[in-house]
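# Got a predicted structure plus its sequence, pasted below:
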Amino acid sequence: MNLGRLSDTERSQVEEVMRNASADKPMVGIFWYDVVNDELFGVDSVNPDTLKGQSQKTSSKRHDQVWKKEHYRAVARNKKNSPFYKEVDGYNVPRGRVFKDTTKFYVMVGCWIDDYPQAKDLIIDEFNLPPDVLFKYDK
């Protein structure tokens, strides 16, 4: 493998991309909620403006696929403190998905959100969601 340095032009291009990164823009994606530590984990967020041809924009990653991958990584590395370590499939762990339709953002969650309403602020903050975001139930 041949590694080289960035040219001044390449460095400028990279810096421009980083300046325009979506750090403060609303994002879509998936997450899990750790009820013990009151925090989100396994977050996968995507700028919805980069997703073309979808009326409801969200991450293409599925919870079950991400969980399986992270579970096997945690077990292989003996990371017993990882939230992915204990559960094989993660179906019993509170989770959700953030969407954007043509005009609004909304968060699909289970009824677990009623027991942990403080998670709403974490989700809004993590995904930089607008104040008018809707939370909807999904089973």
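Right, received. Where do you want to start?
# Past the lowest-mean-pLDDT helix or strand in the chain, which element shows up next along the chain?
The helix or strand of the chain with the poorest confidence is helix 8-19; it has a mean of 68 (mean pLDDT, DSSP states H and E). Using DSSP states H and E, the helix or strand that follows helix 8-19 in sequence is strand 28-34.
# ok, that following strand: who's next to it in the sheet?
Here strand 28-34 is paired, per DSSP bridges, with strand 39-46 (antiparallel), strand 95-100 (antiparallel).
# out of the ones you listed, deepest packed?
strand 95-100 (a mean of 23; mean count of other Cβ atoms under 10 Å). Every residue, glycine included, has its C-beta placed from N, CA and C.
# Can you name the residues in contact with that strand?
Contact with strand 95-100 is made by 26-33, 45, 48, 56-59, 63, 105-110, 113, 123, 127, 129, as judged by Cβ atoms under 8 Å, 6 or more residues apart in numbering.
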